[in-house]
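[1] any chance you can model this:
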Amino acid sequence: MKNESGIYPAGDRVLIRVDQLDDDLETELIQLPDDVKDKYQSGQATGMLVAVGPDAFQHRTEFVYSPKGELVERRVSRYSEDFAKPGDRISFAEFQGKRYTGKDGKEYLVINDGDITCRVDDEVKLTHLNIRKGTGLG
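    You can find the predicted model right below:
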């Protein structure tokens, strides 16, 4: 997948082209105000992985502290392989990262690789709005 955004993630960050809410969520009976669309779009949590930083999916160090703030344990975990690659559709933790509009005019999000929650097939849809065309709420 070619990165036409002009945005290049650093470190363990990844670049995602955020899925846009479907225009067919509105019907003749239901019209969503722009501020409602913006609210739900900002919470949309799926997209296409466009690019990965040089350290993405390498390793993560976790520190466990006692209630007194003393270091109890240090764990280093490794990915056995890259979890996702550019072109994969992924789901990620909502309201994470930094949003950008790329030079191609599309909306992008830069997040940490650890905020990816799963890979999803193209047929999977995720939305907070349970509106189906022609049926109202359902």
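
[2] residue 61 is in contact with residue 71, correct?
    No: using CB atoms under 8 Å, residue 71 makes no contact with residue 61, being 11.8 Å away. Heads up, the C-betas are built off the backbone N, CA and C, glycines and all.

[3] so residue 114, which state does it fall into?
    Recorded secondary structure, residue 114: helix (DSSP: H, G, I helix; E, B strand; the rest coil).

[4] how many neighbours does residue 51 have?
    Per other CB atoms under 10 Å, the neighbour tally for residue 51 reads 20.

[5] just checking, next helix/strand downstream of the host helix or strand of it?
    Following DSSP states H and E, one finds residue 51 within strand 46-52. Next in sequence after strand 46-52, counting helices and strands by DSSP H and E, comes strand 59-65.

[6] what does that next one contact?
    By CB atoms under 8 Å, 6 or more residues apart in numbering, the residues outside strand 59-65 that reach it are 12, 71, 72, 73, 74, 75, 76, 77, 78, 79, 114.

[7] which of these are buried? Put it as a ChimeraX command.
    Command for ChimeraX that selects the buried part of the contacts of strand 59-65, burial taken from 16 or more other CB atoms under 10 Å:
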select :12
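
[8] strands of the protein, start to end?
    For the chain, strands defined by DSSP state E occupy the ranges 13-18, 46-52, 59-65, 71-78, 89-92, 98-101, 107-112, 116-119, 131-132, 136-137.

[9] out of those, the one nearest residue 1 is which?
    Closest to residue 1 of the strands of the chain is strand 46-52 (CB to CB; 6.2 Å).

[10] residues making contact with that closest one?
    Contact with strand 46-52 is made by 1, 3, 5, 7-9, 13-19, 82, 84-92, 108-109, 113, 120, 124, 126, as judged by CB under 8 Å, 6+ apart.

[11] and what of stretch 86-95?
    Applying CB under 8 Å, 6+ apart, the contact partners of stretch 86-95 are 1, 3, 16, 42-43, 45-52, 84, 109, 111, 115-122, 124, 126.

[12] now which of those would you call buried?
    By neighbour count, with 16+ other CB under 10 Å, the contacts of stretch 86-95 hold 3, 16, 45-52, 84, 109, 111, 115-116, 120 as buried.

[13] closest one to residue 33 among the strands of the chain?
    strand 131-132 (13.6 Å).
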